[in-house]
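> 3D, please:
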Amino acid sequence: MRMEPWVVRSELDRASEGRLDPAVVAGLWRHPSARVIGVDDHSNLSSDPGGQRLRWFLPGGEYEPEHHYLIGTVAGEPWFVAAATPQGPSASLRQLGGVLDETQADIATTAVALVNWHRVAPFCGQCGTRTQVREGGYMRWCPGCDRQRFPRTDPAVIVAILDEAGRLLLGHHTGWESTRVSILAGFVEAGESLEAAVRREIREESGLQLSSVRYVGSQPWPFPRSLMLGFVARAVGAEIRVDGAEIEWAHFYTPHDLTRLVDAGDLTLPMRSSIASRIIASWRAGTLDA
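Residues are numbered from 1 along each chain as shown. Next comes the predicted model:
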C-alpha cells in the first residue's frame, strides 16, 4: 500500500530556532529577498488572476509582530503572512492547493493556519488576559498567568472503506451539490484514539462494522484548524445504513463504475488539494489495500 505523503518534497524551513529571537525575526523582515502574502477574512490568499500561483509583496514599513507572522524560509528567502485583504486578486486554499508545487502548498497552508489561529485566539483561555505574539507568530504568551499558548489543532479521521471485493465506499453529504461524493470523515472526540474514532464514525454514518483499520497519511486542513488523518479499512459485509443526518446516501463502487460515472458527469470527486482525492486516486491506481 503506497500513498504519496503530504508535501514530502517541501523546501520550507520553519526557522524553529531562529524565530525564538525577536531580533532575528525582525532581521528577516528587513531581508532584501523577504516576501509577504496576504490572507483575508475568508481565508483567501493573494494570488495571480487565474488562481494558479501565490502573489507576494515586498515588506512595507517596520516589522510588527502582532500583524506580521513568519512562515519560514525557502533557500534563504524569508516568507511572511499578514492578516489583510490582498490588493488585487485572491484565491482559496482549496483552489490553490491542487495546483501549487509542494513548497508553495506548504507555505499557503501554514499562512492560512497561522492567520486563522491569531484571529480567534487573542485572549488567554484561562485568565482572559490579552496575549502577546511571540516566536514570529507560532506562539502567544499570556502576561497574566505567564503561560505559552500554541495553535490548537483538531484531529479528524477520513477513511477509505473497502468491501471484500475491493470496492470503495463513497457517500454524499446532505449539504453538498447533488453529484458530489467522497470517503467518510469525522472529528476525534475527547479521550478517543484515532482507531476508535474511525470505527465509531463509520458505524454512525454508514452502519458498517470494520474488520481492519490501517493508517495511510495525513494533511493539514486549516478550515479552521483541522489535521486530517487518513485511514483505509475493510468492511464486514456490505449492508449500508446511512444516518440520514450527515450522509444522505452511500454506495460501493468498482474503479470501472466510478470512472464511468465521473466521465458522464453523474458523480463529482473531491478537489485535487484534499487528502480524500489522494486516497481515492491511490485506490483507483490499485495501490491502496486494507
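> what's the helix or strand that contains Glu201 in contact with?
Per DSSP states H and E, Glu201 falls inside helix 194-206. Residues from elsewhere that reach helix 194-206 (Cβ atoms under 8 Å, 6 or more residues apart in numbering): 155, 157, 159, 161, 169, 171, 184-189, 192, 208-210, 213, 215, 229, 231, 233, 240-243, 246-247, 250. Heads up, the C-betas are built off the backbone N, CA and C, glycines and all.
> okay, and the beta partners of Trp91?
Rather than Trp, residue 91 is Ala. On the basis of DSSP bridges, Ala91 is bridged to Leu45.
> what's the local residue count around the residue nearest to Gly125 when sequence neighbours are not counted?
Excluding the flanking residues, the one nearest Gly125 by Cβ to Cβ, 6 or more residues apart in numbering is Arg149, at 7.5 Å. Residues within reach of Arg149, counting by other Cβ atoms under 10 Å, total 18.
> how far away is Arg149 from Phe223?
From Arg149 across to Phe223, the span is 21 Å (Cβ to Cβ, to the nearest Å).
> now do Leu168
In this view, Leu168 and Phe223 are 24 Å apart by Cβ to Cβ.
> I'd guessed Ala75 sits against Glu11; true?
Yes. Using Cβ atoms under 8 Å, Ala75 makes contact with Glu11 at a distance of 6.5 Å.
> those two: which has the busier surroundings?
Neighbour count, other Cβ under 10 Å: between Ala75 and Glu11, Glu11 has more, with 15 against 8.
> can you tell me the closest non-neighbouring residue to that one?
If the residues on either side of it in the chain are set aside, Glu11 comes closest to Thr103, at 4.6 Å by Cβ to Cβ, 6+ apart.
> now the strands: where do they sit in this protein?
Counting by DSSP state E, the chain has strands at residues 35-39, 44-46, 68-74, 77-83, 90-92, 132-134, 139-142, 147-149, 154-162, 168-173, 184-187, 209-221, 226-236, 247-253.
> quick check: neighbours of the last one in the sheet, parallel or antiparallel?
Okay, so that is strand 247-253. Partners of strand 247-253 in its sheet, by DSSP bridges: strand 168-173 (antiparallel).
> so for the partner strand, what's the average pLDDT?
When pLDDT is averaged over strand 168-173, the result is 98.
> can you tell me how far the residue lying closest to Val39 once chain neighbours are set aside sits from Val81?
The shortest distance from Val39 to any non-neighbouring residue, by Cβ to Cβ, 6+ apart, is to Val115 (4.2 Å). Taking Cβ to Cβ as the measure, Val115 falls 6 Å from Val81.
> domain-wise, how is the protein divided?
Under the assignment automatic domain parsing, the domains of the chain span 18-121, 154-284.
> in JSON lines: those, plus distance to Tyr138.
Listed next are the domains of the chain as JSON lines, based on distance: least, Cβ to Cβ, whole Å:
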{"stretch": "domain 18-121", "distance to Tyr138": "6"}
{"stretch": "domain 154-284", "distance to Tyr138": "14"}
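> might you list the low-confidence residue ranges for the stretch 151-290 of the chain?
Within the stretch 151-290 of the chain, no range satisfies pLDDT under 70.
> redo that, cut-off 90
152, 223-225, 272-273, 289-290 (pLDDT under 90).
> so what's the residue count around Thr73?
Thr73: 19 neighbours (other Cβ under 10 Å).
> partner residues bridging it?
Asp13, Pro78.
> likewise for Arg35?
Bridge pairing for Arg35 (DSSP bridges) gives the partners Trp79.
> report the contact partners of Arg149.
Neighbours of Arg149 in contact, by Cβ under 8 Å, 6+ apart: 121, 124-125, 131, 139-142.
> ends of stretch 268-282, what's the gap?
Using Cα to Cα, to the nearest Å, the end-to-end distance of stretch 268-282 comes out at 17 Å.
> what residues sit buried inside it?
Residues 268-270, 273-282 are the ones in stretch 268-282 that count as buried (16 or more other Cβ atoms under 10 Å).
> can you check stretch 144-157 too?
By 16+ other Cβ under 10 Å, the buried positions in stretch 144-157 come out as 149, 151, 156-157.
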